[in-house]
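> Sequence and computational prediction follow.
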Protein chains: 2
Amino acid sequence: MKLRAQPYDIEVGRYEVIINSADAEELGVLAGDRVQVKDKDTITAVVETTDAIVSPGKIGIYREAWESIKVVPDEVVEVLPAAKPKSVSFIRKKMDKQKLTSEEMHAIIEDIVDGNLTEVELTAFVTASYIYTMDSDEIEWMTRAMVKTGDQISFDVHPVMDHHSIGGVPGNKISLCIVPIIAAAGLLIPKTSSRAITGAGGSADLMEILCPVSFRADEIKKMTTKVGGCLVWGGATNIAPADDKIINVEYPLSIDPKSQLLASVMAKKFAVGADTMVLDIPCGNETKIPTVQEGRKLARDFMELGDRLGMKIECALTYGGTPLGRAIGGGVEVREAMVMLEKFEGPRSLLEKTIAISGMMLEMGGVAPKNEGAKMAVELVKSGKALQKFKEIIEVQGGDPKVTSDMVPIGDKVATVLSPQDGYVLEISNKRLVYMCRLAGAPHDKGVGVILHKKKGEYVKKGDGLFTLYADKEWKLDAAIKESLRNPIMMVEGMILEKIEVV
Amino acid sequence: MKLRAQPYDIEVGRYEVIINSADAEELGVLAGDRVQVKDKDTITAVVETTDAIVSPGKIGIYREAWESIKVVPDEVVEVLPAAKPKSVSFIRKKMDKQKLTSEEMHAIIEDIVDGNLTEVELTAFVTASYIYTMDSDEIEWMTRAMVKTGDQISFDVHPVMDHHSIGGVPGNKISLCIVPIIAAAGLLIPKTSSRAITGAGGSADLMEILCPVSFRADEIKKMTTKVGGCLVWGGATNIAPADDKIINVEYPLSIDPKSQLLASVMAKKFAVGADTMVLDIPCGNETKIPTVQEGRKLARDFMELGDRLGMKIECALTYGGTPLGRAIGGGVEVREAMVMLEKFEGPRSLLEKTIAISGMMLEMGGVAPKNEGAKMAVELVKSGKALQKFKEIIEVQGGDPKVTSDMVPIGDKVATVLSPQDGYVLEISNKRLVYMCRLAGAPHDKGVGVILHKKKGEYVKKGDGLFTLYADKEWKLDAAIKESLRNPIMMVEGMILEKIEVV
């Protein structure tokens, strides 16, 4: 069928066209089917149909397809029905609880990356994978497919170190300390990190306060080769690009399937050439992993997957039921991390976790003898070598190496919430804390952060400050503080949670 | 946040807006989240984000939302984050294998109808329902919700008859005969029917050759009250509108979950006020129900659901492994049905099935004594009363009541495929037959149809015609015939299926 091309300048994430229902009927295609659009080049695109906006005889071509087919408005193109990608039948297979082969998994991931699947098809895959889960083979194949369908780095020198935190713990700033410690010991550590999706700030959000974090894979290799390490945003690279597309479906459904967690983390590590890593699995109430038992199970799954990929993995189950350190989000969190490197000072939870994980990595990396890693990590900080390395990393990423912790900007809109009574702090809610930070503007407003004046188990007097919230904008600060009064972040002994009165 | 409104004249089937990623971050929303857009009116819309097509400070508003909020281009609107519909958490529940309540099911169906769900959310619901299936309670609740969220009809006179075929059998034209027989007996039969989605022609496609089939619910009631029956396209009404939206997701995934089949059929019958019906369940190879055992199971499920809804249902398991009658698709199929009413002549499979099902209905409707229904049906045809009623129905729907079978137009592009050898016809493939008809232009081109000269078990001589294909367009006829030579529709004894030669 010959149709007249019209540009529709909307991004849809795939090759897509829209034709009138009458033409679709004539052509024998329904919405969601594929057509070939032929001009000098030929593309295969998903069809949408309309009774209204595109008249018969015309074809609306969305941005991605328009840019690829290179026609001019009103040019006549040939449109023919085309088959669906084979991966759609593999998705059906997964929906019918059949195990996929390595080739089938690769085809699905490749079509996800290439934008060959509709939202319906992609969602069906994610939902079926969530419901049935995947076995170890499928997870390995998915990981390898995610690696192969994106950019990869390899280094001539080994080992290549990495670490990763499963997340869910507010204030978990340890990457900013661990990366320079490991690099200061002469090991390579090309660390990619995420931005917060639902948290107060990912390591990439924090690092961005000090220097740019968006780099290509080849730049990551160059920087790591030069100064030993880096701390960049994984999302700016083309490393394991399937991951973001899958997360775009998982996020609105509030699901986080384990198979996807495993594949996502390991694909990103494998793709940057890492061969030796420590995985931090925070367990506890209001984290992703509620119990130590589940943490152990997850650790085994990660280690098995690492084994299949030829990577050496050790895991650290850590306590994640309460924020790490006293500073959460933006500038205040960066300051706390830098003070640790500058003076080896700070909250014990931060110092101990950083040193413990760094120590494991130094031993695994072969630069510290067994049981001597932690001691070496402390020395690297105390000697100033880790701080020096951190500044080199900031500089190589394009930031100012002369920065000190007290120069890091924090929000100038400030409010402190006071304790309504005497008593011990019984509970700090991770979720409410993060929600308050987000209302205050995190992670977008870099000045947003919280300093906890009291932590779990500490005694507080009526009128003492419980926490101070910093923000960049007054109205966001107000909204966040109001929310924190409605749904308190800290429970002080004897506090009335809710008043139910007789009306 | 205040943004400047821009119209995006694309239909998306829901309230949707698109904003720049920077504004989305500032607002704290991600793609798939909801926002409130406030002007004089307030609407809640799904957010899409872009780095390119909408610049910061602006908001692109798609057609449905634009028409509802009634702003002018460049008007400033207030945009605030909003919560997801509650039904999204009920969908999550279903994904986690929990049973839904009646209220939760209603909320999901209502949000589907109102366009409050994104494609991701709707697909997750359909996929989870497919994987876990639904129990009898959930199916009943889904059916009731589908009825309540659309138009309904009720009649003062009872019983109100109906019948339905599960489908999958080419040439299943019986509705065109059954409706007038039942109405001629003085019973009400407000029959809605579907168009072919993947078949050669639904009853609505066939009836449309004789008269209009698109009517509102109140028109269906009026016509049925006037002449006793009608045969219209269900898709033009607002009866059980959730159904089409769900099918839009099922079709691209090639799934047809039983729960959805039950709810879809029964909601449409219940909504037109039907209280007494016969369900035709064709079983056999290449139908939707491969075995009689599965047919019985499905019959029980339908009868249980009918019971819950207060409807009297009987089921007829019929043989569907081969086409019904000799005419399949468009004009030729309508002719065969009309000849049956005009002269009580035609293929035995058509006559017997029509009379058997009509007989059951006449008995259930209380106008024929037990075991006398079939006899009465034959009399209604032989006396010309059924034909007379059919013409009244055609007239009330706006067609020409003077039409006779030989006046029904058929395609003037004709090709007959000959037998390559002597032998018995062993097999006729429903699927290949339908595929050929669709390649020839069915159901869009009304002249497309096939006459089978031989049926299963008949003897054919080399050079005898196996079937004749009629079409409206030469190039479509060619494509269809070529396909039928590559993948034969009929297997004649001794035919070589495939030649494998040494190269």
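Yep, it's here. Numbering: from 1, shown residues only, chains lettered A, B, ... in the order given.
> Name the residues of the stretch 101-250 of chain A found near chain B, please.
A:118-121, A:123-124, A:126-128, A:130-132, A:197, A:248-249 (CB under 8 Å from any CB of the partner chain). Every residue, glycine included, has its C-beta placed from N, CA and C.
> In helices, which of those fall?
Judged by DSSP state H, the subset of those located in helices is A:119-121, A:123-124, A:126-128, A:130-132, A:248-249.
> of all of the stretch 401-503 of chain A, which residue lies closest to chain B?
A:H444 (4.3 Å; CB to the nearest CB).
> Excluding chain neighbours, what is closest to that residue?
B:E25 (4.3 Å; CB to CB, 6 or more residues apart in numbering or on different chains).
> helix, strand or coil for that neighbour?
helix (DSSP: H, G, I helix; E, B strand; the rest coil).
> Would you agree A:K93 is in contact with A:E104?
Yes: between A:K93 and A:E104 a contact is recorded at 7.0 Å, counting by CB atoms under 8 Å.
> Quick check: residues of the stretch 401-503 of chain A near chain B?
A:438-439, A:441, A:444.
> ok, 6 Å please
A:438, A:444 (CB under 6 Å from any CB of the partner chain).
> the helices in the stretch 401-503 of chain A, which residues?
A:430-439, A:474-486 (DSSP state H, counting those that start in this stretch).
> hang on, the earlier thing: what's the burial count for the residue of the stretch 401-503 of chain A closest to chain B?
20 (other CB atoms under 10 Å in any protein chain shown).
> Now it, what are its backbone angles?
Main-chain torsions, A:H444, degrees, to the nearest 10: phi -70, psi -50.
> Make sure A:L262 is actually in contact with A:E140.
No: between A:L262 and A:E140 there is no contact under CB atoms under 6 Å: 9.2 Å.
> On the pLDDT front, check A:M495 for me.
On the pLDDT scale, A:M495 is placed at 63.
> want to try CSV for the ones in helices among the residues of the stretch 101-250 of chain A next to chain B, with pLDDT and distance to A:S87 as columns?
Converted to CSV, those look like this (pLDDT from 0 to 100; distance: CB to CB, whole Å):
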residue, pLDDT, distance to A:S87
A:E119, 91, 14
A:V120, 94, 13
A:E121, 96, 8
A:T123, 96, 14
A:A124, 96, 11
A:V126, 95, 13
A:T127, 95, 15
A:A128, 95, 13
A:Y130, 93, 18
A:I131, 94, 19
A:Y132, 91, 17
A:N248, 87, 17
A:V249, 91, 15
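> ok, those residues vs A:S89, which is closest?
Taking CB to CB as the measure, A:S89 lies nearest A:E121 of those, at 10.4 Å.
> what's the burial count for that closest one?
Count around A:E121 with other CB under 10 Å applied: 24.
> now swap in A:E138 and tell me
What A:E138 shows, counting by other CB under 10 Å, is a neighbour count of 21.
> Please give me every residue in contact with it.
With contact set as CB atoms under 6 Å, 6 or more residues apart in numbering or on different chains, A:E138 has these partners: A:L100.
> Surely it forms part of a helix?
Yes: assessed with three-state DSSP, A:E138 lies in a helix.
> thinking again about what came up before, are any of the ones in helices among the residues of the stretch 101-250 of chain A next to chain B buried, and if so which?
Among those, those classed as buried by neighbour count (16 or more other CB atoms under 10 Å in any protein chain shown) are A:119-121, A:123-124, A:126-128, A:130-132, A:248-249.
> Backbone dihedrals for the residue of the stretch 251-400 of chain A found nearest chain B, please?
Residue of the stretch 251-400 of chain A nearest chain B, by CB to the nearest CB: A:P252 (3.5 Å). When read as degrees, to the nearest 10, the backbone of A:P252 gives phi -60, psi -20.
> Restricting to C-alpha, output the helix or strand containing A:F302 in CSV.
According to DSSP states H and E, A:F302 maps onto helix A:292-309. Backbone C-alpha positions of helix A:292-309 (Å, rounded to 0.1, in the frame of the first residue of the first chain) are rendered in CSV as follows:
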residue,chain,number,x,y,z
VAL,A,292,19.6,-12.0,57.3
GLN,A,293,18.3,-15.3,56.0
GLU,A,294,17.2,-13.6,52.8
GLY,A,295,20.5,-11.7,52.7
ARG,A,296,22.4,-15.0,52.8
LYS,A,297,20.3,-16.5,50.1
LEU,A,298,20.9,-13.5,47.9
ALA,A,299,24.6,-13.6,48.6
ARG,A,300,24.7,-17.2,47.4
ASP,A,301,22.9,-16.3,44.3
PHE,A,302,25.3,-13.5,43.5
MET,A,303,28.3,-15.7,44.2
GLU,A,304,27.0,-18.4,42.0
LEU,A,305,26.4,-16.0,39.2
GLY,A,306,29.8,-14.5,39.7
ASP,A,307,31.3,-18.0,39.5
ARG,A,308,29.5,-18.6,36.2
LEU,A,309,30.9,-15.3,34.8
